[in-house]
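J.: requesting a structural model of the entry that follows:
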Amino acid sequence: KTILDPGDEVIVFAPYFMEYGAYVRNYDGVLVTVSPDISSFQPNIEEFKEKITGRTKAVIINTPNNPTGVVYSAKTLERIGAVMREKEAEYGTSIVLLSDEPYRELAYDGVEVPYVTPFYHNTVVCYSYSKSLSLPGERIGYLVIPDELEDSKAVIAAASIANRVLGCVNAPSLMQRVIMRCIDEKVNVEAYDRNRNLLYNGLRGFGFECIRPEGAFYLFVKSPEADDRAFSEACKKHRLLVVPGTSFGCPGYV
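T.: You can find the predicted model right below:
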């Protein structure tokens, strides 16, 4: 609500966390989806250029990504920043980059998760301890709102009000004290890495197509049936719960 007027647009890169659409529509915004480069699941920069309009107010990125596990490279982030600066100048508008980073510490094989702020000035970083401390039920984290952000004081004020009046983002005082004591602790990434290798190698061995996750704890698999929803329903008969890629803006995967 701080950055959107009714009809303003927010761009996401498919596949994306399914709740983004609800967040945007809740404040009368329009979600605009950039289709993926399925060879790497890095953002499709050329299509991104085409999707930005004078009504674009924000771009959401999520790296390591839910659901692919892909980490956006420094080159990718640099190109995203360059496109956004170019379009800001073209339309005379301000576009905010929202970097959703709950999986920052969950990276494998020495993969580095680049920080976004050096690549674009108008950035807000959204961080959550729910993944780094393996506390998925505890919605506690923080926002990084740099001074370089346009209208940063207004954004900070809005975030402070939201923290006070919205129960969903108002972390209990007890949990805030718990986090203070755990600030230097990290989840055991080796356990996730072991599961990743077992699942990835097993599925590949059975002929499934999927990209090897670099981070997070998901695997995005090409559906053996064209209808990913039908395949997901069929999986339930075997007590296997999967989420259709259509829910992430990327049909044909689970």
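J.: can we go C-alpha only for contacts and neighbour counts from here?
T.: Noted.
J.: pLDDT wise, what is the residue nearest the centre of the chain at?
T.: The chain has residue 62 as the residue nearest its centroid, 2.3 Å off, counting by CA atoms, centre = their mean. On the pLDDT scale, residue 62 is placed at 98.
J.: correct me, but it touches residue 99?
T.: Yes: Residue 62 lies in contact with residue 99 (CA atoms under 8 Å); the separation is 6.0 Å.
J.: and the gap between residue 74 and residue 120?
T.: Distance of residue 74 to residue 120, given as CA to CA, to the nearest Å: 12 Å.
J.: cool, and residue 137?
T.: From residue 137 over to residue 120 the distance is 31 Å, taken as CA to CA.
J.: which one's more surrounded, these two?
T.: Taking neighbours as other CA atoms under 10 Å, residue 137 and residue 120 compare with residue 120 leading, 21 against 8.
J.: quick one, what contacts that one?
T.: With contacts defined as CA atoms under 8 Å, 6 or more residues apart in numbering, the neighbours of residue 120 are 78, 81-82, 85, 97.
J.: kindly recompute the last result at 10 Å.
T.: 77-85, 96-97, 148-149 (CA atoms under 10 Å, 6 or more residues apart in numbering).
J.: any chance of JSON lines for those, columns pLDDT?
T.: Compiled in JSON lines, the contacts of residue 120 are given as follows (pLDDT from 0 to 100):
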{"residue": "77", "pLDDT": "98"}
{"residue": "78", "pLDDT": "98"}
{"residue": "79", "pLDDT": "98"}
{"residue": "80", "pLDDT": "98"}
{"residue": "81", "pLDDT": "98"}
{"residue": "82", "pLDDT": "98"}
{"residue": "83", "pLDDT": "98"}
{"residue": "84", "pLDDT": "98"}
{"residue": "85", "pLDDT": "98"}
{"residue": "96", "pLDDT": "97"}
{"residue": "97", "pLDDT": "98"}
{"residue": "148", "pLDDT": "87"}
{"residue": "149", "pLDDT": "87"}
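J.: looking at the residues you listed, which are in helices?
T.: 77-85 (DSSP state H).
J.: returning to that earlier point: beta partners for the residue nearest to the centre of the chain?
T.: residue 100 (DSSP bridges).
J.: residue 156 against residue 150, yeah?
T.: No: using CA atoms under 10 Å, residue 156 makes no contact with residue 150, being 11.1 Å away.
J.: related to what we said a few turns ago, neighbour-wise, which of the contacts of residue 120 leads?
T.: That'd be residue 97 among these, by other CA under 10 Å, with 25 neighbours.
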